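S.K.: return a 3D structure for these sequence lines:
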Amino acid sequence: MASGRLTLSWVGRDEALLNTADGGYEWVSRQDSRVTEVRLLQEIGKTGEVAGTPADNLLIHGDSYDVLQALARTAEYKEHYRGKVKLVYIDPPFNTGQAFEHYDDALEHSVWLSMMRDRLLLIRDLLAPGGSVWVHLDDAEMAYCRVLMDEIFGRGNFVGTVVWQKIHARNNSAQHLSAVHDYLLVYARSKSDLVLNRIDRTELSDQEFWNPDDDPRGPWRRSDLTASHAYEDGRYEVVGPHGDVFAPRGNRWWSCSRETFEGLRQDDRLWWGKTGRTFPFRKRFQSELGGLVPTTFWTHDEVGDNRQAKGEVTRLFDRSRIFSTPKPEALLKRVIQIASDPGDVVVDVFAGSGTTAAVAHKMGRRWVTAELLAETADTFTRPRLEKVVSGDDPGGATKTVGWAGGGGFRSLQVAPSAFEVADGRVFFADWVKEEDFSAMVAAQLGFTFDGEDSGPFCGKRGRARLAVVDGVVDEVVARGVLGQLHEGERAVIVGKGVTPEAESLVAELSRGSKVLKAPRDLVRRGRAVR
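M.R.: Presented below is the predicted three-dimensional model:
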């Protein structure tokens, strides 16, 4: 019998991508220190009311991979985000071969697949058991991404594909077909744990309700009492108000047992028509029904379209600053309403104009969003979110959710790589000094960093304490560090230089403690030590 599983292959699948200074990518080993590195997140500003902790709403400037890596693996952020994110919505480059003003959408196909693979793997780590990821694409890469996500999340965790009508006008200049829709691929972290919310009822959906019998419970609609699947107790006859006998015909069965049927009769939940002589239907009362189960086709009049999205952004900024590819707030409102509840964490690491974070903020969700391009973040994302906080954003979802301003967010930036590689050797970048050196070491080794910790220590991981020396660890330094340990604790001492005597002393005096030389022991064979 054949074994194995279906996988998607492409050039460079076994390699990783590294951002270059010009905004492009280069192929490197997946064990390259600059790929496995956990970058620091450095605060650059605050807006509104924040606590100054990783649990704040976060606007991060930096590459989406580095942001996801930091959220999933830095001890301070891991506590709040790994396995705890309810919704991830991403609107990545569609790879259409076009070049837009605010981002490059012309990646080579294999580069795009590797870029998405690396980010989706980290997104999977962030999702809560009942969480879901929604990936917004068009025809250029949707089919390939579906196979890729089958491999990463498991085919059984595929929830559905939403089709969004992004344009409601035909393009008669199209060469073949006028494309008017995008896709949202929806996957669960664990489909058995996923519970999606219903959407709000509409005037159109409620048009079928009536009350011809003046039922005091209010308007109702008819519901079929038969089913197409065989039901053990589904073959019986019922008698109507005037003695008429009814039973399902052909390949139909009653959808409930006789006992349930008679219970509906006693509670006046059956409709036999105005004459009382027609086949019975069940009465479903509007007051007892909740929202609507979402469908997989979302029209422009329900959730907006590209024209509406551009109008929302244009009203926020002067017309000289127009973002090329915004999404309407109504679209994100529906996604967030379906896939999360107030207080849940929503993540979007392709922020663009900031629609996801803006709507999440208005709807009472915690959020993290990231934007690679500083110009986009400074021109669109940050100013838009500042307007949301101050209550100066009257458009979009503001009225429908009753938003009047409040809250806040912190602005962070991804630190440059701590490592430089030359002739196969790894060196520290010039900025890696003193407290930055300590914070960087803590991030690589999975310690919670505390730059204000008393004594020689700057981090903690269970019973292990971290001491970082921006210099040489010798016998004197090692003995001083070990002397500060409490009973049952062990130390990890990291220095840019280490003497053999210090290593021997630590091994002799403190079982389980160790001395590491940086960067050598932080990136063994290119892999960050965990």
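S.K.: now stretch 137-147 - C-alpha only, CSV.
M.R.: Taking C-alpha atoms only, stretch 137-147 is exported to CSV below (Å, rounded to 0.1, in the frame of the first residue of the first chain):
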residue,chain,number,x,y,z
LEU,A,137,-6.4,36.5,-2.1
ASP,A,138,-7.5,36.6,-5.7
ASP,A,139,-7.1,34.0,-8.5
ALA,A,140,-3.3,34.6,-8.9
GLU,A,141,-2.3,32.4,-6.0
MET,A,142,-5.5,31.2,-4.3
ALA,A,143,-5.4,27.6,-5.5
TYR,A,144,-1.8,27.2,-4.6
CYS,A,145,-2.4,28.7,-1.1
ARG,A,146,-5.3,26.3,-0.5
VAL,A,147,-3.0,23.3,-1.1
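S.K.: now do the buried residues in that stretch.
M.R.: Within stretch 137-147, the residues that count as buried by 16 or more other CB atoms under 10 Å are Leu137, Ala140, Glu141, Met142, Tyr144, Cys145, Arg146. For glycine as for every other residue, the C-beta is placed from the backbone atoms N, C-alpha and C.
S.K.: who's in contact with the residue nearest to the last one when sequence neighbours are not counted?
M.R.: The reference is to Arg146. Distances taken as CB to CB, 6 or more residues apart in numbering place Leu185 nearest to Arg146, at 5.9 Å, with adjacent residues excluded. Leu185 makes contact with Trp134, Val135, Leu137, Met142, Cys145, Arg146, Met149, Thr161, according to CB atoms under 8 Å, 6 or more residues apart in numbering.
S.K.: nearest to Arg334, of the residues you listed?
M.R.: Lowest distance from Arg334 to the contacts of Leu185 (CB to CB) belongs to Trp134, with 10.5 Å.
S.K.: over to the closest one: give its phi and psi.
M.R.: With angles defined as degrees, to the nearest 10, Trp134 sits at phi -120, psi 120.
S.K.: hmm, it is touching Asp182, no?
M.R.: No: contact between Trp134 and Asp182 fails when scored by CB atoms under 8 Å: they sit 11.4 Å apart.
S.K.: hang on, the earlier thing: take the buried residues of stretch 137-147 and keep only those in strands.
M.R.: Secondary structure defined by DSSP state E assigns Leu137 of the buried residues of stretch 137-147 to strands.
S.K.: count of neighbours near Asn211?
M.R.: 14 (other CB atoms under 10 Å).
S.K.: what separation is there between it and Thr275?
M.R.: 17 Å (CB to CB, to the nearest Å).
S.K.: and for Ala339?
M.R.: Ala339 is 47 Å from Thr275, where distance means CB to CB.
S.K.: picking up where we left off before, can you name the two of the buried residues of stretch 137-147 that are farthest apart?
M.R.: Across those, no pair lies farther apart than Ala140 and Arg146, at 12.8 Å, counting by CB to CB.
S.K.: would you turn the contacts of Leu185 into a markdown table with pLDDT?
M.R.: Below are those laid out as a markdown table (pLDDT from 0 to 100):
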| residue | pLDDT |
| --- | --- |
| Trp134 | 98 |
| Val135 | 98 |
| Leu137 | 96 |
| Met142 | 94 |
| Cys145 | 96 |
| Arg146 | 97 |
| Met149 | 97 |
| Thr161 | 98 |
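S.K.: and which of the buried residues of stretch 137-147 is nearest to Val515?
M.R.: Cys145 (45.7 Å).
S.K.: where does the stretch 151-300 of the chain dip in pLDDT?
M.R.: For the stretch 151-300 of the chain, applying pLDDT under 70 flags no range at all.
S.K.: let me fix that: the stretch 351-500 of the chain
M.R.: Scanning the stretch 351-500 of the chain for pLDDT under 70 picks out 453-454.
S.K.: quick one, helices of it?
M.R.: Counting by DSSP state H, counting those that start in this stretch, the stretch 351-500 of the chain has these helices, from start to end: 355-362, 374-376, 382-390, 398-401, 434-445, 475-482, 500-509.
S.K.: contact partners of the longest one?
M.R.: This means helix 434-445. Helix 434-445 is contacted by residues 37-40, 70, 73-75, 415, 418, 428, 432, 447-449, 451, 458-459, 461, 466, 468, 470, 492, 494, 496, 518, 522-523, 528-530 when judged by CB under 8 Å, 6+ apart.
S.K.: in stretch 298-309, what counts as buried?
M.R.: For stretch 298-309, the neighbour count (16+ other CB under 10 Å) marks Trp298, His300, Glu302, Val303, Gly304, Asp305, Asn306, Gln308, Ala309 as buried.
S.K.: contacting residues around the nearest residue to Phe427 once chain neighbours are set aside?
M.R.: The spatial neighbour of Phe427 that comes closest, neighbours along the chain excluded (CB to CB, 6+ apart), is Glu420 at 4.9 Å. Contacts for Glu420 (CB under 8 Å, 6+ apart) come out as Val426, Phe427, Phe428, Ala429.
S.K.: drop anything exposed from those.
M.R.: Counted by 16+ other CB under 10 Å, the contacts of Glu420 give Val426, Phe428 as buried.
S.K.: of the contacts of Glu420, which belong to strands?
M.R.: Per DSSP E, strands hold the following members of the contacts of Glu420: Val426, Phe427, Phe428.
S.K.: distance from the chain centre to stretch 305-312, please.
M.R.: Centre-to-centre, stretch 305-312 and its host chain are 23 Å apart (CA atoms, centre = their mean, to the nearest Å).
S.K.: how close does Leu40 get to Arg366?
M.R.: Separation of Leu40 from Arg366 (CB to CB) stands at 22 Å.
S.K.: which one of those two has more residues nearby?
M.R.: Between Leu40 and Arg366, Arg366 has the larger neighbour count (other CB under 10 Å), namely 24 against 21.
S.K.: tell me the pLDDT of Gln308.
M.R.: pLDDT for Gln308: 89.
S.K.: quick check: bridge partners of the nearest residue to Leu59 once chain neighbours are set aside?
M.R.: Nearest non-adjacent residue to Leu59, counting by CB to CB, 6+ apart: Ser411, 4.9 Å away. Beta-bridge pairing for Ser411 (DSSP bridges): Gly45, Leu59.
S.K.: residue numbering should commence at 34 henceforth.
M.R.: Understood, numbering begins at 34; the last thing we discussed is Ser444.
S.K.: hmm, Ile77 and Ser444 touching each other?
M.R.: Yes: if you go by CB under 8 Å, Ser444 and Ile77 touch, sitting 5.1 Å apart.
S.K.: same drill for these two, tell me which one is more crowded.
M.R.: Ser444 (19 against 12).
S.K.: once you drop chain neighbours, what's closest to Tyr122?
M.R.: Trp167 (4.6 Å).
S.K.: relative to Ile156, how far out is the one you found?
M.R.: 11 Å.
S.K.: so what's in contact with the two at the same time?
M.R.: Contacts common to Trp167 and Ile156, judged by CB under 8 Å, 6+ apart, are Val121, Ile123.
S.K.: those two: who's more crowded?
M.R.: Using other CB under 10 Å as the criterion, Trp167 and Ile156 rank with Ile156 on top: 27 against 22.
S.K.: can you confirm the more buried one is in a strand?
M.R.: No: Ile156: not assigned to a strand; according to DSSP: H, G, I helix; E, B strand; the rest coil it is helix.
S.K.: contact partners for it?
M.R.: Leu101, Val121, Ile123, Val166, Val380.
S.K.: report how many residues lie close to the fourth one.
M.R.: Val166 sits with 26 neighbouring residues when counted by other CB under 10 Å.
S.K.: winner for burial among the helices of the stretch 384-533 of the chain?
M.R.: Across the helices of the stretch 384-533 of the chain, the average number of neighbours (mean count of other CB atoms under 10 Å) peaks for helix 388-395, which reaches a mean of 28.
S.K.: gap between the most centrally placed residue in the chain and Ala511?
M.R.: The centroid of the chain falls nearest to Val121 when counting by CA atoms, centre = their mean (1.3 Å). To Ala511, Val121 is 44 Å away according to CB to CB.
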